[in-house]
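Undergrad: just to be clear, the model below is a prediction. Sequence and coordinates:
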Amino acid sequence: MTTTFRQDIRAGFVTLLQGFQTANPTMLGSVLTSRPENFTGDYPIGFVDSQPESIVHDSGTRTRTMTPVVAVVAEKTLNAEEQDRFDLLVDALLDYFTANPHVTTGTVWDRMVIEDYAEVIGEQYRPGVRFTFGNLSIQEGRT
């Protein structure tokens, strides 16, 4: 059995981020397919981070349930005005993701956790937010 579930989910989130960026060109600077090594580009930077999954087999199917993470990182420590703009970005992304529950054909997510975190880049801490999508699953045939 050949599957492209992980590739499809990563590509689906990149497509969603690019769609958001196109619709909101002043809010999101760069979209990357994975965590960058050096965080160069226009900020804020959005990327697809980890894709942990659990797998359950039964006699005829394999169910893969993933909890993928999309992260957005700001360029620097934020003052009050910049924090307000970053919070607007997070709220706008939440609305955009909510309006697009199908990351790829045959999948739907129904839970999300939004978490503030600090991205360590060199010796600097940059504010970031992680969107963790729960219960994104697919059933595949098993022989």
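TA: Arrived safely.
Undergrad: residues contacting the residue sitting nearest the centre point of the chain?
TA: Closest to where the C-alpha atoms of the chain average out (CA atoms, centre = their mean) is residue 70, at 1.9 Å. Taking CB atoms under 8 Å, 6 or more residues apart in numbering as the criterion, residue 70 is in contact with 13, 17, 46-49, 130-131, 133. For glycine as for every other residue, the C-beta is placed from the backbone atoms N, C-alpha and C.
Undergrad: run the last query once more with 10 Å
TA: By CB atoms under 10 Å, 6 or more residues apart in numbering, the contact set of residue 70 is 13-14, 16-17, 31, 46-49, 93, 97, 103, 112, 129-133.
Undergrad: so which bits of stretch 135-143 are buried?
TA: Buried residues in stretch 135-143, counted by 16 or more other CB atoms under 10 Å: 136-138.
Undergrad: separation between residue 99 and residue 8?
TA: Going from residue 99 to residue 8 by CB to CB, to the nearest Å gives 20 Å.
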